[in-house]
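Colleague: have a look; sequence and predicted model below, questions after that.
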Amino acid sequence: MRMTVQDVMTTDVAAVNHQASFRTVADLLIGKAVSGMPVLDDDDHVLGVVSEADLLAKEEFKELYYDDAYRPPLRARIRHVMGSEGTGSYKALGETAGELMTAPAHVTTPDSPIVLAARLMDTHGVKRLPVIDADGKLVGIVSRRDLLKVFLRTDEEIRKLVLAGIPTSTMWTDPSGLGIKVAEGVVTLTGVVSRHTESIAAVRMAESIDGVVAVHDELTWKHDDVIEVPMWGGAPASPP
C-alpha cells in the first residue's frame, strides 16, 4: 500500500564530479533544465548538492560600483543560515563543484516511503534528494515534482487499496457493507458499522493511503464506544 522513493524517482540523473569547473556546472544546469544536482567523488559517492543559488552567489557579490561593500539584507542572511541550500560570500569564491556545493547532502534510499521523503524535504527546506544505495553511491534523484506522482493513482486503484486495508478479522465480517466511493482522489465512506471506534479506524486507514487527497466520513455506528475523559480530570466515562 505504501509507495516508495523507487516508485517515483528519476534514474537518469544529471550529476557532476567534485572537480568539475564552474562553467561545466552552469552548462549542465542550463542544458539539463534542472535547478540543482548531486556532486560526486571519483567513486560516485554523493558528497553534496550544487544548485543555481550556489552559482548565483558569484554574480550577487560582484561590485556594482567601485568600493561597493555589499552585504545581504538580514532576512536573506537568516534564510541562508537556516536553509540547506544557503549561499554566502564564500560561495562567490568557488571555482569547482566541490567548492560551490552545499554539503553534506540530505539523501534518501530507494526503499524509503514517500511520506518520509516528503518530511525530509520539508525539514531541511530542499527541493530534491539524491537517492543512494547501501554503499552510498548515487542511483537516482527524487524531487518535489516526483513526489506529486503519488496523486496520479486512479480512483479505482485507491478504492481497492481502501477495501484491502480494512482489517476484517477485527472489524467488519462483511466489508461489502461498507460504501467506498472515490472521485478525484477524494474518498467517501458510507455505511453502518458496529462501533464508533471502527469508524475512526476506517477513516484513519483511508487517510494514510498514498494518493488520497481527503476522506469524507459519512459512516454511522450502532454503539458509541469512544471513551470521553472529563476536561478537569476524574474518572473517564464508561462505554455504553
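Modeller: That came through, no problem. Quick caveat: nothing in here was measured; it's all calculated off a predicted structure. Numbering: from 1, shown residues only.

Colleague: please enumerate the strands of the protein.
Modeller: Here the chain has its strands, by DSSP state E, at 16-17, 36-40, 46-51, 128-132, 138-143, 179-183, 186-195, 214-223.

Colleague: turn those strands into TSV, including mean pLDDT and mean neighbour count.
Modeller: In this view, the C-beta of every residue, glycine as well, is placed from N, C-alpha and C. Output for those, formatted as TSV (pLDDT from 0 to 100; neighbours: other CB atoms under 10 Å):
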stretch	mean pLDDT	mean neighbour count
strand 16-17	97	18
strand 36-40	96	25
strand 46-51	94	24
strand 128-132	96	25
strand 138-143	96	22
strand 179-183	95	16
strand 186-195	92	17
strand 214-223	93	14
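
Colleague: what's the closest of these to H106?
Modeller: strand 128-132 (6.0 Å; CB to CB).

Colleague: now do that closest one: distance to the chain's middle.
Modeller: Mean-position distance between strand 128-132 and its chain equals 11 Å (CA atoms, centre = their mean, to the nearest Å).

Colleague: how close does the closest residue to K222 other than its chain neighbours sit to V186?
Modeller: Taking CB to CB, 6 or more residues apart in numbering, and ignoring the residues beside it in sequence, K222 has S194 as its nearest neighbour in space, at 5.5 Å. Between S194 and V186 the distance, using CB to CB, to the nearest Å, works out to 26 Å.

Colleague: pLDDT score for the nearest residue to S112 once chain neighbours are set aside?
Modeller: Counting by CB to CB, 6+ apart, S112 lies nearest to V5, which is 4.9 Å off, once chain neighbours are set aside. V5 is assigned 97 on the pLDDT scale.

Colleague: these two touch, right, V5 and V115?
Modeller: No - with contact taken as CB atoms under 8 Å, V5 and V115 are classed as non-touching, separated by 10.4 Å.

Colleague: higher neighbour count, the two?
Modeller: Taking other CB atoms under 10 Å, V5 and V115 do not tie; V5 has more neighbours (23 against 15).

Colleague: quick one: that one from I180, how far?
Modeller: Counting by CB to CB, the gap from V5 to I180 is 28 Å.

Colleague: do the same with L100
Modeller: With distances taken as CB to CB, L100 is found 51 Å from I180.

Colleague: same deal with M101?
Modeller: M101 is 48 Å from I180, where distance means CB to CB.
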